[in-house]
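Engineer: Okay, sequence plus prediction incoming.
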Amino acid sequence: MAVTRTTAAPPLPAHPDPRLEAILGSELPQELSYALGGPFHLLLPDRFDANLAAFTEVLREAGVDGRVYYAKKANKAAVWMDRCALSGAGVDVASAGELRDALGHGVRGESIVVTGPAKAEGLLRVAVLQGCLIAVDAADELERVIALAQATARPARVLLRRLPPAQPHSRFGLDDEQLESALARCAEAGQAVDMEGFSFHLSGYDTGQRAESAAELVELCLKARARGLRADRISIGGGFAVDYTDAGHWARFLREQRPEHYHAGKSFAPADFYPYHSPVAGAGALRAVLAAHDLAGRLRAAGVRLLLEPGRALLDRAGCTVFRVQGVKDRPSGYGVVTVDGSSLSLSEQWFSSEYLPDPVLLPARPDGAAGPYAACVGGATCLESDMLTWRKVLLPARPAPGDLLVYPNTAGYQMDSNESPFHELPLPPKVVVDTDGDGRTRWRLDRHPLA
């Protein structure tokens with residue numbers, strides 16, 4: 001089938017990753033595909049460790065007392081909880097299930113921060129009993145926390161979540177009047193409440209805006225101390241971008257992509273795409289936040305501890321998703337439709353009316369397949385027209401064949417299981433942990449829950 005210059009979308013390869021390339025160049029992916037009989041996720045826990053260490057090092061460099069909490073919602077795998085428990089990192093949870101899972105893997109209650117709006121009674125009760133830090137989002141929630149603390153004779157550790165002035169329409173947080181009332185209530189509650197400080201929920205990746213909001217919380221801590229409250233820490237949440245691809249490819253993609261590059265003339269607004277290239281990302285973004293508005297200096301001078309809750313950024317390059325090709329259908333207009341053995345529910349960008357943009361990598365089952373460029377979109381194995389893993393026509397090095405594998409790189413952050421579903425009785429893709437020992441030997445195991 002002829003492939004014209006305009007058939008395929010502009011390429012958007014993920015950053016080179018020698019560690020992942022070595023794994024994909026081995027027999028392991030095909031062996032796992034055969035053994036598991038369907039799609040699967042590969043997890044690389046040493047990458048999680050390295051990302052966590054990078055954030056911690058930035059805090060040390062800046063002379064800032066701080067702690068990193070892994071935002072558990074980014075990926076449900078058990079291995080991340082094991083890593084947090086062993087390293088002493090904190091965990092950010094937002095449901096009773098997430099809290100139970102963290103505790104079950106050995107994460108201490110004092111190392112857990114409980115976020116989310118309008119928390120369920122059972123979640124609050126366990127959080128108080130286990131000494132978790134609770135980000136209080138509303139006045140009625142504060143009353144429920146105080147009542148639970150008095151009933152259990154356990155002081156409740158709380159942060160008061162402030163509605164950030166930069167995003168006044170957010171549904172999260174207390175406005176200034178509500179915050180004033182909450183501070184008075186905390187002081188009135190006495191030993192039932194340990195008001196440790198403030199937090200905010202800020203959407204987006206603007207490091208300057210995050211630093212400005214954090215500086216405002218530092219000032220609130222100083223004012224709260226004058227009322228006899230502890231107020232010695234602030235949480236700035238997540239919002240640390242991941243850099244998936246280089247600047248040149250990203251700029252070209254945004255400049256040149258158009259509806260004819262997509263199956264069925266699908267179109268996406270550039271503003272709806274995640275910023276797949278970010279010049280300031282991960283631990284570097286934390287460094288930028290601390291530098292802006294002299295935040296590091298303000299924290300040191302006020303004796304305020306900095307808490308942060310990255311999810312995606314701790315999972316950068318910590319996993320990929322592997323599908324097996326089930327069939328290929330040539331289209332007369334110069335591209336093909338590849339169908340894989342899973343569904344788009346395993347790549348969660350569709351949740352945001354977008355798609356996951358780093359190009360998939362083709363792993364032929366046999367090296368003697370047909371060579372030559374082949375433009376193709378990628379569909380799932382369900383009967384829905386909308387079940388497309390990749391709407392755009394990506395340029396593959398050869399026409400795929402049944403049994404070949406398609407690998408989506410760097411999917412550990414939010415992509416793997418934010419909205420997976422066993423639709424059509426298709427099993428959820430299992431998670432496979434790839435460990436490397438001290439001698440550089442690679443071994444794999446299934447991700448398991450405690451006591452399994």
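Structural biologist: On my side now, so go ahead. Numbering: from 1, shown residues only.

Engineer: helix, strand or coil for V158?
Structural biologist: strand (DSSP: H, G, I helix; E, B strand; the rest coil).

Engineer: Does it touch C186 like I think?
Structural biologist: Yes. The pair V158 / C186 is scored as a contact, 7.2 Å apart, by CB atoms under 8 Å. In short, each C-beta sits where N, CA and C put it, glycine included.

Engineer: more neighbours, the two?
Structural biologist: V158 (29 against 26; other CB atoms under 10 Å).

Engineer: And the closest residue to R331 other than its chain neighbours, which helix or strand is it part of?
Structural biologist: Excluding its sequence neighbours, the residue lying closest to R331 (CB to CB, 6 or more residues apart in numbering) is V337, at 6.5 Å. Using DSSP states H and E, V337 sits in strand 335-340.

Engineer: So which elements touch that strand?
Structural biologist: On a contact count with 3 or more CB pairs under 8 Å, 6 or more residues apart in numbering; DSSP states H and E, strand 335-340 meets strand 319-331, strand 371-379.

Engineer: Just list whatever residues bridge to G379.
Structural biologist: T339, M388 (DSSP bridges).

Engineer: which ones are touching the residue nearest to the spatial centre of the chain?
Structural biologist: Geometric centre of the chain, nearest residue: R312, 2.8 Å, by CA atoms, centre = their mean. By CB atoms under 8 Å, 6 or more residues apart in numbering, the residues touching R312 are A74, G238, F240, V242, G413, Y414.

Engineer: Next, count neighbours for the closest residue to D49 other than its chain neighbours.
Structural biologist: Leaving aside its chain neighbours, D49 sits nearest to R83 (6.2 Å; criterion: CB to CB, 6+ apart). For R83, the number of neighbouring residues by other CB under 10 Å comes to 20.

Engineer: coming back round to it: what do V158 and C186 both touch?
Structural biologist: In contact with both V158 and C186: L142, V193, M195, using CB under 8 Å, 6+ apart.

Engineer: so how far is the strand or helix carrying the first one off the chain centroid?
Structural biologist: Element membership of L142, judged by DSSP H and E, is helix 139-152. In this view, helix 139-152 has its centroid 31 Å away from the chain centroid, taken as CA atoms, centre = their mean, to the nearest Å.

Engineer: got it, and stretch 238-245?
Structural biologist: 9 Å.

Engineer: Let's see that stretch as CSV, backbone CA atoms only.
Structural biologist: Provided in CSV are the C-alpha atoms of stretch 238-245 (Å, rounded to 0.1, in the frame of the first residue of the first chain):
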residue,chain,number,x,y,z
GLY,A,238,1.3,18.0,42.5
GLY,A,239,1.4,19.7,39.1
PHE,A,240,4.9,18.7,38.2
ALA,A,241,4.9,18.1,34.4
VAL,A,242,6.5,15.1,32.7
ASP,A,243,8.6,15.7,29.5
TYR,A,244,7.7,12.9,27.1
THR,A,245,9.2,14.2,23.9
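
Engineer: In which helix or strand does G122 reside?
Structural biologist: Here G122 sits within helix 121-129, counting by DSSP H and E.

Engineer: Tell me which other helices or strands the next helix or strand after that helix touches.
Structural biologist: Downstream of helix 121-129, the first helix or strand assigned by DSSP H and E is strand 133-136. The contact analysis (3+ CB pairs under 8 Å, 6+ apart) places strand 133-136 against strand 112-114, helix 121-129, helix 139-152, strand 156-162.

Engineer: And the contacts of strand 133-136?
Structural biologist: 110, 112-116, 119, 124, 127-128, 142, 145, 156-161, 174, 182, 196, 199, 235.

Engineer: Give me the pLDDT for the residue nearest to R331.
Structural biologist: At V337, the pLDDT value in this model is 97.

Engineer: just the one 10 residues further on next, same as before
Structural biologist: Turning to L347, the model gives it a pLDDT of 90.

Engineer: How about it: what's its closest non-neighbour residue?
Structural biologist: Per CB to CB, 6+ apart, closest to L347 is Y356, 4.7 Å.

Engineer: what about the one you found, is that helix, strand or coil?
Structural biologist: Following three-state DSSP, Y356 is assigned to coil.

Engineer: again with L229
Structural biologist: Looking at L229 with three-state DSSP, the answer is coil.

Engineer: just to revisit the earlier point, Throw the helices and strands packed on strand 133-136 into TSV and include distance to A376 and mean pLDDT, thanks.
Structural biologist: Below are the helices and strands packed on strand 133-136 laid out as TSV (distance: least, CB to CB, whole Å; pLDDT from 0 to 100):
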stretch	distance to A376	mean pLDDT
strand 112-114	44	98
helix 121-129	45	98
helix 139-152	50	98
strand 156-162	46	98
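
Engineer: Using JSON lines, lay out these together with distance to D92.
Structural biologist: Output for the helices and strands packed on strand 133-136, formatted as JSON lines (distance: least, CB to CB, whole Å):
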{"stretch": "strand 112-114", "distance to D92": "5"}
{"stretch": "helix 121-129", "distance to D92": "12"}
{"stretch": "helix 139-152", "distance to D92": "17"}
{"stretch": "strand 156-162", "distance to D92": "12"}
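
Engineer: nearest to R399, of the ones you listed?
Structural biologist: Closest approach to R399 among the helices and strands packed on strand 133-136 (CB to CB): strand 112-114, 49.8 Å.
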